[in-house]
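1. Need coordinates for the following:
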Amino acid sequence: MTSQRPLAGRRILVTRARHQAGQLSAELNALGAEVIEIPAIEILPPASFEPLDTALRNLRQYQWLILTSANTVRSINDRLTALDLQPNAFSHLKIAAIGSATAHALQEVGVSVNLMPKEYVAESLIAAIGDQVRDARVLIARAAMARDIIPAALTQAGAQVDLVEAYRNVIPETSIARIAAIFVPGKLPPQTATFTSSSTVTNFFDLLRAAGIDQPPQNLCAISIGPITSQTLRDHNWEPAAEASPHDIPGLIAATIRALIPNA
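-> Okay, here's the model as predicted:
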């Protein structure tokens, strides 16, 4: 093992959605890890685009737009194209983004970000936005089944909040057999599993159950991207071995190294 390849010989499970796993997997590979990609999440369109399309056609009625993931940005950009709308339709809005990946996705489609909290969690956004939304109409586009903390807090701060679903997180059917295969008794399992959202944690446990596995192997350690993901792990009686700081992919990689090689 060298300092350039500190993860040599380590087997790491990446549970991120297939289309998002590339950067994490590539950087872990470059550090010497054997990466096993088994997505716990598949991104699908919402059950209906009508609420999102209606909101996009009527953006003039909003003063704020809040986006919580790069997936939301991609979905909105696709719908702008479908509706023959331009990104400058957002020019009058104040836009808040949780996370550098969300902000970068917006910049890629030509949309500027007005506010990005220091920490990439809902609570940090609420603190950063403060009373700026008082008497404002706020559009929040997000995944189905997302936490309600942001809309509840903004409503309490005096905003009129509209929620629309931009996409759904579902469990990939093909991942069930793959999870069963890597945790077969007698086979060398991965030492670590990385989790980039609460949904990846919840879906991972659903995958285990679907594969007939009660719990993760005792020697498998979990690496979390942030405090909300960590809490979801604890809700499943699984204490994370490390938590990323900052709460992004480079932070997750650094946390993985800390957990696996404490003296690195």
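
2. quick one: secondary structure of the residue lying closest to residue 87 once chain neighbours are set aside?
-> The shortest distance from residue 87 to any non-neighbouring residue, by Cβ to Cβ, 6 or more residues apart in numbering, is to residue 110 (4.6 Å). (Glycine included, C-beta is placed from N, CA and C.) Recorded secondary structure, residue 110: coil (DSSP: H, G, I helix; E, B strand; the rest coil).

3. Check whether residue 110 really touches residue 89, as I assumed.
-> No - at 11.0 Å, residue 110 does not count as touching residue 89 under the criterion of Cβ atoms under 8 Å.

4. Of these two, which one has the most company?
-> Taking neighbours as other Cβ atoms under 10 Å, residue 110 and residue 89 compare with residue 89 leading, 15 against 12.

5. Leaving out chain neighbours, which residue sits closest to that one?
-> Spatial nearest neighbour of residue 89, excluding adjacent residues (Cβ to Cβ, 6+ apart): residue 59 at 5.3 Å.

6. How many residues are close by the one you found?
-> Neighbour number of residue 59 under other Cβ under 10 Å is 15.

7. and it, what does it touch?
-> Residue 59 makes contacts with 65, 89-90, 92-93, 139, as judged by Cβ atoms under 8 Å, 6 or more residues apart in numbering.

8. what do you get if the cut-off is 7 Å, keeping everything else the same?
-> Listed by Cβ atoms under 7 Å, 6 or more residues apart in numbering, the contact partners of residue 59 are 89-90, 93.

9. State the pLDDT value of residue 121.
-> pLDDT, residue 121: 68.

10. can you check residue 151 too?
-> 89.

11. how many other residues sit next to it?
-> 19.
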